[in-house]
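[1] what would the 3D arrangement of this be:
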Amino acid sequence: MSTISNATKKPRLDAIEFIRGISMMGVIGIHVGSQYVENAFANPHLIALFEVVSRFSVPIFFFISAFGLFYNLDMGRPFSYKDFLRRRFRAVLIPYLVWSFAYILHDALLFHTGFPDILHMLSLLFFGNAKYHLYFLVILIWFYIAMPIWIPIVKRLAMPSLTLLLFAQVAFDYWSSYSVPFNLFVYGLSDSSILKPFLMYRLNYWPFHYFFIFLLGGYLALHREGFKAFLHQHRLMISLFFLGTLAAMLLHYYILLYQDGYTELEAINTVHQLAPEGILYTIAASLFFFQLFTCYAFPKMTHWLLHELGLHSYFAYLFHPFVITYLALALQRSGRIMTAPIAIAFYMLTLVLSVSIAALFRRLGYKLPWINNLTIGIYPRH
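    Residues are numbered from 1 along each chain as shown. A predicted model of the protein is given here:
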């Protein structure tokens, strides 16, 4: 049994809340970009903004999740795995099931696909396929289940071992994403093969794709004073690292477009967060935004806006596909295609509506606590 507690409550960190809001905005950008890229005449630079610049958004959630978990661990008390899972499952598993069933029911009624049978239902829930964004919670649940493994690893981490783990992460993700023999094997499996869905949907439930960024978040949380000093002392270096990795992502994207003849869709499916430069970009973004929200003061209005985005990011993240669906249907019925100005307006409207509805439901949840219990895993303090 580990000698770490999971009960100690420490002061809230603005950086974690603010990054959560920025990440939610990026995820919405990626999903709006998926709508916009269907336009054969889409602006490739706007696609780059939606689909490449925002690519840190999902993995950085694992970074701040691990940072928050290890930040609140008490190193001097026993770690209660049972209590940890109970709290984490209330915060993640219950909302995951609620939102999954909501999307399954909604889509069955809207698209007349019918309600899935029990085996199909179990498959949808296991792989996070009830809606395109829910897989994140599945991976997070697997990270929680493996917490007794992560704790001793994080305790023993040092820079040499972190470096080795980074190389291992790059190698594993490259193999999973780009290995031709492996992917030919997967797609060559019979549709009746039991193994095929477990390999086809590996990105949806294998935490191994993000283990480094999770462990890095935990390591920095346990060394938070040194991390804070590092952020203050190396502002320029961190900013240059962020800009350099972003430039590498964009350069790869434009080379694929203008030199190799890829379509925009093919390019963004190649330049993503699991590419070698994507992994470095996620690390750089994690450091950059943590530095930004730790080392600098913001005007009251900006601080309030960042707080609101972070506070309502969980519900907005879970809810925004509903908004995208109905805005897309309205656009379709109007007979208009998604041009660049419409795509920008589509994004802004999706963001504003998602956050506003999240704020409305949260306030309603203060009067009817079961709403917050089921939708975002928030329970009244006793």
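
[2] low pLDDT regions in the protein?
    Applying pLDDT under 70 to the chain flags the ranges 1-9, 382.

[3] just want the most central residue of it.
    residue 58 (2.3 Å; Cα atoms, centre = their mean).

[4] do I have it right that that residue meets residue 135?
    No - between residue 58 and residue 135 there is no contact under Cβ atoms under 8 Å: 9.1 Å. Using the backbone N, CA and C atoms, a C-beta is placed for each residue, glycine as well.

[5] quick one, what contacts residue 218?
    Residue 218 is in contact with 66-67, 69-70, 150, 154, counting by Cβ atoms under 8 Å, 6 or more residues apart in numbering.

[6] apply 10 Å and report the result again.
    Contact analysis of residue 218 by Cβ atoms under 10 Å, 6 or more residues apart in numbering lists 63, 65-71, 73, 147, 150-151, 153-155, 157.

[7] for those residues, which one is nearest residue 354?
    residue 65 (20.3 Å; Cβ to Cβ).

[8] setting aside sequence neighbours, what's the nearest residue to the closest one?
    In space, residue 65 comes closest to residue 140 once its chain neighbours are excluded; the distance is 6.3 Å by Cβ to Cβ, 6 or more residues apart in numbering.

[9] so which strand or helix has that neighbour?
    Taking DSSP states H and E as the criterion, residue 140 maps to helix 135-145.

[10] past that helix, which element shows up next along the chain?
    From helix 135-145 onward toward the C-terminus, using DSSP H and E, the following helix or strand is helix 147-156.

[11] neighbouring contacts of that next one?
    With contact meaning Cβ under 10 Å, 6+ apart, helix 147-156 is reached by 1-4, 6, 66, 69-70, 73, 75, 79, 81, 84-85, 88, 143-144, 146, 161, 165, 207, 211, 214-223.

[12] now list the buried members of the residues you listed.
    2, 4, 6, 66, 69-70, 73, 79, 81, 84-85, 88, 143-144, 165, 207, 211, 214-223 (16 or more other Cβ atoms under 10 Å).

[13] mind listing which of those are in strands?
    If you go by DSSP state E, the buried ones among the contacts of helix 147-156 have nothing in strands.

[14] out of those, name the ones that lie in helices.
    66, 69-70, 81, 84-85, 88, 143-144, 165, 211, 214-222 (DSSP state H).

[15] what sits against the residue nearest to residue 65?
    So residue 140 contacts 61-62, 65-66, 88, 91-93, 96, 207, 210, 214 (Cβ under 10 Å, 6+ apart).

[16] just put the residues you listed in JSON lines and tack on distance to residue 261.
    As requested, these are exported to JSON lines (distance: Cβ to Cβ, whole Å):
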{"residue": "61", "distance to residue 261": "34"}
{"residue": "62", "distance to residue 261": "34"}
{"residue": "65", "distance to residue 261": "39"}
{"residue": "66", "distance to residue 261": "40"}
{"residue": "88", "distance to residue 261": "46"}
{"residue": "91", "distance to residue 261": "46"}
{"residue": "92", "distance to residue 261": "42"}
{"residue": "93", "distance to residue 261": "45"}
{"residue": "96", "distance to residue 261": "40"}
{"residue": "207", "distance to residue 261": "35"}
{"residue": "210", "distance to residue 261": "31"}
{"residue": "214", "distance to residue 261": "36"}
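
[17] out of these, who's nearest residue 276?
    Among the contacts of residue 140, residue 210 lies closest to residue 276 (Cβ to Cβ), at 14.5 Å.

[18] now the nearest residue to that closest one once chain neighbours are set aside: which helix or strand?
    Closest residue to residue 210 apart from its sequence neighbours, by Cβ to Cβ, 6+ apart: residue 62 at 4.8 Å. Element membership for residue 62 (DSSP H and E) is helix 57-71.

[19] what's the angle between that helix and helix 81-88?
    130 degrees (axes from the mean of the first three to the mean of the last three Cα atoms, to 10 degrees).

[20] isn't residue 316 right up against residue 354?
    Yes - with contact defined as Cβ atoms under 10 Å, residue 316 and residue 354 form a contacting pair (4.0 Å).

[21] intersection of neighbour lists for those two?
    24-25, 28, 323.
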